[in-house]
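S.K.: here are the coordinates; sequence isn't available:
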């Protein structure tokens, strides 16, 4: 549906961002929320680990545990909370 690319266009990240893009991390997190109705950050990593192959096939990218750790998810929230963007 192009949501990840759209988010990446409007919320560019700095050069230190590694792994999945902000849009891809957000997409994975939203899939987690929709699949279980659970928005808590600390439940995303175990959920992703159980679905690594499926997520990698859907995204066409390598998905690593660090891509959805609490720090990256907090960074996503910080970026998305910028009203000017």
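M.R.: That came in fine, so what should we check first? None of these values were measured; they are calculated from a predicted model. Residues are numbered from 1 along each chain as shown.
S.K.: how about low-confidence regions in this protein?
M.R.: 1 (pLDDT under 70).
S.K.: centroid residue for it?
M.R.: Central residue of the chain (C-alpha atoms, centre = their mean): residue 25, 1.2 Å from the mean position.
S.K.: For that residue, which residues are in contact?
M.R.: Applying C-beta atoms under 8 Å, 6 or more residues apart in numbering, we find residue 25 in contact with 19, 67-68, 72-73, 76. Where C-beta positions appear, they are placed from N, C-alpha and C, glycine not excepted.
S.K.: Please name the residues that touch residue 72.
M.R.: By C-beta under 8 Å, 6+ apart, the contact set of residue 72 is 19, 25, 66.
S.K.: so can I have TSV of those showing secondary structure and distance to residue 36?
M.R.: Shown next, in TSV, are these (DSSP: H, G, I helix; E, B strand; the rest coil; distance: C-beta to C-beta, whole Å):
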residue	secondary structure	distance to residue 36
19	coil	23
25	helix	17
66	helix	21
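S.K.: okay, the residues you listed in CSV with distance to residue 38 next?
M.R.: Compiled in CSV, the contacts of residue 72 are given as follows (distance: C-beta to C-beta, whole Å):
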residue, distance to residue 38
19, 22
25, 16
66, 21
